[in-house]
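Chemist: The following block contains a protein sequence and its predicted model.
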Amino acid sequence: MAPSAEQPLLTVEGLTKRFGARTACRDIGFSLWPGEVLGVVGESGSGKTTLLGCIAGHVTPTEGQVWYETREGDRIDLASLSEAERRRRLGNDMGFVHQNPRDGLRLDISAGGNIGEPLMRAGMRHYGTIRSLAAEWLGRVEIDAARIDENPRRFSGGMQQRLQIARNLVTKPRLVLMDEPTGGLDVSVQARLLDLVRQLVADLGLAVILVTHDLGVARLLAHRLMVMQDGRIVETGLTDQVLDDPHEPYTQLLVSSVLPI
């Protein structure tokens, strides 16, 4: 049975994560729809990165479920799968963009190899086709295809981040998790990267969970916003509504602490 556009791609129910006496996430619940970008904002320590880690499988939840609708129409609980089972069931259907691109790249192989490797994992074997697609994706993320054989260590931070995005998107996943994708970049580089990400998300119809502390980034990319404080969701709604007319005191403080967007 094929997945239905009328069903959420991802549904999180009662997600809780405790580290000893500290609760990093507490009873989190939400749904994410195909083609939707959900921004998760909050101060450092609010639980947003732990939440993303639980969905990605980097962190095991203490309680709760993370339901995912596969391409075949099966509804599986990601929180209950082993790492091997998760990889087998999802394959290249989920991407993860790290804040530090070096955490998401293979620095011992070329730029083209970084893009080609996920294609090989997906079963592609023809070298010419793989190389052609790698060159095409370098162009899509605004990297000169002539640099296909260069090592990514020679790239700037912004170029490494764009290469990491290409590596994640080349297999056309339906869900991409982004952890502070513009963090640590110069303002001018951030703006260029944000325009690129917004265009790729729209072109590919991606569902995205975007963790960011930058409300300007959230406004530009996210359709809907979820505000976290002390491991809880304190406010959620359409991005412009939350940022222009915040209802909760914490959200009001968060918005007023930055320059007008």
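Modeler: Nice, thanks for sending it over.

Chemist: which residues of the stretch 1-150 of the chain fall in helices?
Modeler: Secondary structure of the stretch 1-150 of the chain by DSSP state H, counting those that start in this stretch: the helices cover 48-56, 83-90, 111-121, 127-140.

Chemist: want to try TSV for those helices, with mean pLDDT, mean neighbour count and distance to L194 as columns?
Modeler: (Each C-beta comes from the backbone N, C-alpha and C, glycine too.) Supplementary listing: the helices of the stretch 1-150 of the chain in TSV, determined by pLDDT from 0 to 100; neighbours: other C-beta atoms under 10 Å; distance: least, C-beta to C-beta, whole Å:
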stretch	mean pLDDT	mean neighbour count	distance to L194
helix 48-56	95	23	19
helix 83-90	82	13	27
helix 111-121	96	20	21
helix 127-140	96	16	15
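
Chemist: For those helices, could you give me CSV that also reports distance to E69?
Modeler: Formatted as CSV, the helices of the stretch 1-150 of the chain follow (distance: least, C-beta to C-beta, whole Å):
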stretch, distance to E69
helix 48-56, 14
helix 83-90, 11
helix 111-121, 22
helix 127-140, 26
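
Chemist: Looking at the ones you listed, which is nearest to R18?
Modeler: Closest to R18 of these, according to C-beta to C-beta: helix 48-56, at 10.2 Å.

Chemist: between that closest one and helix 83-90, what angle do the directions make?
Modeler: Between the axes of helix 48-56 and helix 83-90, defined by axes from the mean of the first three to the mean of the last three C-alpha atoms, to 10 degrees, the angle is 70 degrees.

Chemist: Can you list the neighbours in contact with helix 48-56?
Modeler: 10, 12, 15, 17, 24-25, 28, 40-42, 59-61, 64, 66, 78-79, 94, 96, 177, 179, 209, 211, 228, 231 (C-beta atoms under 8 Å, 6 or more residues apart in numbering).

Chemist: so where's the stretch 1-150 of the chain shaky on pLDDT?
Modeler: For the stretch 1-150 of the chain, the stretches with pLDDT under 70 are 1-5.

Chemist: returning to what we had before: right, and the helices of the stretch 1-150 of the chain - which one's nearest R198?
Modeler: Judged by C-beta to C-beta, the one of the helices of the stretch 1-150 of the chain that comes nearest to R198 is helix 127-140, at 13.4 Å.

Chemist: how far out from the middle of the chain is the closest one?
Modeler: Distance of helix 127-140 from its chain centroid, counting by C-alpha atoms, centre = their mean, to the nearest Å, is 23 Å.

Chemist: ditto for stretch 228-244
Modeler: Averaging C-alpha positions (C-alpha atoms, centre = their mean) puts stretch 228-244 18 Å from its chain's average.

Chemist: With stretch 194-202 instead?
Modeler: Per C-alpha atoms, centre = their mean, the displacement of stretch 194-202 from the mean C-alpha position of its chain is 13 Å.

Chemist: So which of the contacts of helix 48-56 sit within strands?
Modeler: Applying DSSP state E to the contacts of helix 48-56, the entries found in strands are 10, 12, 15, 17, 24-25, 28, 40-41, 64, 66, 94, 96, 177, 179, 209, 211, 228.

Chemist: okay, the residue nearest the centre of the chain: pLDDT?
Modeler: Central residue of the chain (C-alpha atoms, centre = their mean): L177, 1.7 Å from the mean position. For L177, the model assigns a pLDDT of 96.

Chemist: Do I have it right that it meets I209?
Modeler: Yes: with contact defined as C-beta atoms under 8 Å, L177 reaches I209; the gap is 5.1 Å.

Chemist: who's in contact with D186?
Modeler: Contacts of D186 (C-beta under 8 Å, 6+ apart): G158.
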